[in-house]
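Colleague: Kindly generate the corresponding structure for this input.
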Amino acid sequence: MHIAKTKKHSAEAYTLVETITVLVLSLSFFVFPVLSFRSLEHEQSTQRFFDQLEKRIDLAQQSAIIHQQATRFYYDPIRHSLLFDVPAYSSMEWQVLPIPETLTVERHAMITYAANTGNESSLKAYEFYWVEKQQRIIYQFQLGGGRYIKKVQSS
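Modeller: Numbers count the residues shown, from 1 in each chain. Below is the predicted model of the structure:
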């Protein structure tokens, strides 16, 4: 009967420094995407805010025309939100629009849409500053028609 000879096992092992290096490199592969995702999430929530703002401005104006009652919206600094004051019987549940933490409100004024016509008879503006992108987003309301012009300026 033939007995196989086994080789001696080497007693070498990884050092503590090598193990820590491998752990740090592995951890960086997981941390980098998480940080990138968080930044992307902030940007998308800010973009969603502007989309919602534009839709709600249009809805507030349309509500003034349809319900023949003045509507308005304004900035509430305590809640850091825009509040839309529309008729109670309009069954709209979008009166509060929270402003993301990524934005600061630089300029604001109460915007009122007239009953029946939906006109806004002033040249008021809302100005937001997006700190991360160093941009100013300005909604300049036009005299008469209740429309606005959106301007994006880099600082």
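Colleague: and the gap between I99 and P77?
Modeller: In this view, I99 and P77 are 10 Å apart by Cβ to Cβ, to the nearest Å. Yep, even glycine has a C-beta here, placed from its N, CA and C like the rest.
Colleague: does the residue nearest the centre of the chain belong to a helix or a strand, and which?
Modeller: Centroid-nearest residue in the chain: T46, 1.6 Å away (criterion: Cα atoms, centre = their mean). Using DSSP states H and E, T46 sits in helix 16-67.
Colleague: what is the orientation angle of the helix or strand following that helix with helix 16-67?
Modeller: Proceeding N to C from helix 16-67, the next assigned helix or strand is strand 71-76, under DSSP H and E. On the basis of axes from the mean of the first three to the mean of the last three Cα atoms, to 10 degrees, strand 71-76 is oriented at 150 degrees to helix 16-67.
Colleague: in strand 71-76, what's buried?
Modeller: 71, 73, 75 (16 or more other Cβ atoms under 10 Å).
Colleague: Neighbouring strands of that strand in the sheet, and parallel or not?
Modeller: The pairing partners recorded for strand 71-76 under DSSP bridges are strand 81-85 (antiparallel), strand 111-113 (antiparallel).
Colleague: now it, how far from the chain's geometric center?
Modeller: Relative to the centre of its chain, strand 71-76 is centred 19 Å away, using Cα atoms, centre = their mean, to the nearest Å.
Colleague: and for it, what are the contacting residues?
Modeller: The contact list for strand 71-76 (Cβ atoms under 8 Å, 6 or more residues apart in numbering) reads 56-57, 60-61, 63-64, 81-87, 105, 108-113, 126.
Colleague: Show me the shaky parts of this structure.
Modeller: In the prediction, the chain carries residues with pLDDT under 70 at positions 1-14, 32-39, 89-93.
Colleague: T71 versus A64, what's the distance?
Modeller: Taken as Cβ to Cβ, the span from A64 to T71 is 4 Å.
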